[in-house]
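Enquirer: what would the 3D arrangement of this be:
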Amino acid sequence: MLKIFTAHEVEVMRRDAKKRARANGVTLAEALDQVAVEQGYRNWSLLQKNGTTPLDELPFWFFRRTPEEIAQSMRVVPEPASRFEHRARSEIARDSVQALDKRFASSANAVDFAIAYVEGILAQPRFRLSPKSIAYWEMRLWLPYGANRVEGDTHILVNRYYKPVGSTSSERVDYAAYPNLGLRLRGDDWRAFSHRTAEQPFLFNDGCLPWRTRENAEAYLGRLKELRRRI
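Expert: Reported below is the predicted structural model:
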């Protein structure tokens, strides 16, 4: 059975074909066909027609955790069991975070996920997040920091590291490879959900980080809900 690819995977293959075309002195069309054949398709046109999942058919990724699981994610990770483990506990916590950037079906899905995540954190009786906890890094990587402009009115949701929201990568990324996280913001629409001091579409700044205090998280949740109303 032939494999079905996501939009991101197709974009990665397209970039690979461009590199091949330059390196081997062939046309881009020829390089694209070569890539398609390697994936089991007769040519690139057939791969695009029959081997991709439309964005509106991607499954939604929901936040589902019990209160006990949320509490566990907020705790400091234990010391490494092995004496050969040289990573700090904050590094271990960060490396434990799963990448979600390719799983979100849309920017609306990413924001709905973020709202549910923050509500789950706020439901805990004690709000305290250490850089040595998994939840601390999940909030930095999974939750929207803001929207970066790609072209014209088109923006992309990004995390605290300006990577597509949900990304755990530290490498340079091509925003065009993430059409699932795009959204349109016209004029000054972004001001309705941005932090009051923001000069661009950003939901918080270093003075009101949502993982720092309960009050910051509550204010951030309100801005997330306003963003959701505009997607």
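
Enquirer: and residue 76, how far from residue 66?
Expert: Distance of residue 76 to residue 66, given as CB to CB, to the nearest Å: 20 Å. Backbone N, C-alpha and C define where each C-beta goes, glycine included.

Enquirer: higher neighbour count, those two?
Expert: In this view residue 76 and residue 66 are compared by other CB atoms under 10 Å, and residue 76 has more residues nearby, 16 against 9.

Enquirer: and the more buried one, what pLDDT?
Expert: Note for residue 76: predicted pLDDT of 95.

Enquirer: from here on, count from 219
Expert: In the new count, where the first residue is 219, that last one comes out as residue 294.

Enquirer: quick one: contacts for the nearest residue to it once chain neighbours are set aside?
Expert: Leaving aside its sequence neighbours, residue 294 sits nearest to residue 350 (CB to CB, 6 or more residues apart in numbering; 4.3 Å). Contact analysis of residue 350 by CB atoms under 8 Å, 6 or more residues apart in numbering lists 294, 295, 307, 308, 311.

Enquirer: in a strand, the last one, correct?
Expert: No: residue assignment for residue 311, taken from DSSP: H, G, I helix; E, B strand; the rest coil, gives helix, which places it outside any strand.

Enquirer: what about it, how many neighbours?
Expert: Look at residue 311: counted by other CB under 10 Å, it has 23 neighbours.

Enquirer: look up how far residue 424 lies from it.
Expert: Distance, residue 311 to residue 424, using CB to CB: 20 Å.

Enquirer: now swap in the third one and tell me
Expert: Shown here: residue 307 relative to residue 424, a distance of 23 Å by CB to CB.

Enquirer: out of those two, which sits in the more crowded spot?
Expert: Shown here are residue 307 and residue 424; by other CB under 10 Å, residue 307 has more neighbours (17 against 7).
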